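A.B. asks: Any chance you can model this:
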Amino acid sequence: MRKYNFKQKISHLDTKNTVILQKLMAMGILPGMPVTLLRHSSSYLFEVDQTRYAVDREIADHIYVSY
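C.D. replies: From the prediction side, this is the model:
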């Protein structure tokens, strides 16, 4: 299990799948929001706006961050 603590900003969401896009937006995962990757193992654990989320790779692959 890899542990991280990198704070970045979400640059964009890249998906044509409206279900995934709506799920990300409902969680508050939007471009410009600060995001901190906390852990990457079987799922990705990250924090956005003081809320922690765990998503699988299928969802995480659509989130792009700027360094």
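A.B. asks: show me where the chain has helices.
C.D. replies: For the chain, helices defined by DSSP state H occupy the ranges 18-26, 57-60.
A.B. asks: Any idea which of these gets closest to residue 51?
C.D. replies: Closest approach to residue 51 among these (Cβ to Cβ): helix 18-26, 11.7 Å. Every residue, glycine included, has its C-beta placed from N, CA and C.
A.B. asks: in the closest one, what's buried?
C.D. replies: 20, 24 (16 or more other Cβ atoms under 10 Å).
A.B. asks: gap between the two ends of stretch 59-67?
C.D. replies: 20 Å (Cα to Cα, to the nearest Å).
A.B. asks: neighbouring contacts of it?
C.D. replies: The contact list for stretch 59-67 (Cβ atoms under 8 Å, 6 or more residues apart in numbering) reads 8-15, 17, 20-21, 23-24, 29, 35, 44.
A.B. asks: Also stretch 23-43?
C.D. replies: 1-13, 15, 44-49, 51-57, 59, 62-63, 65.
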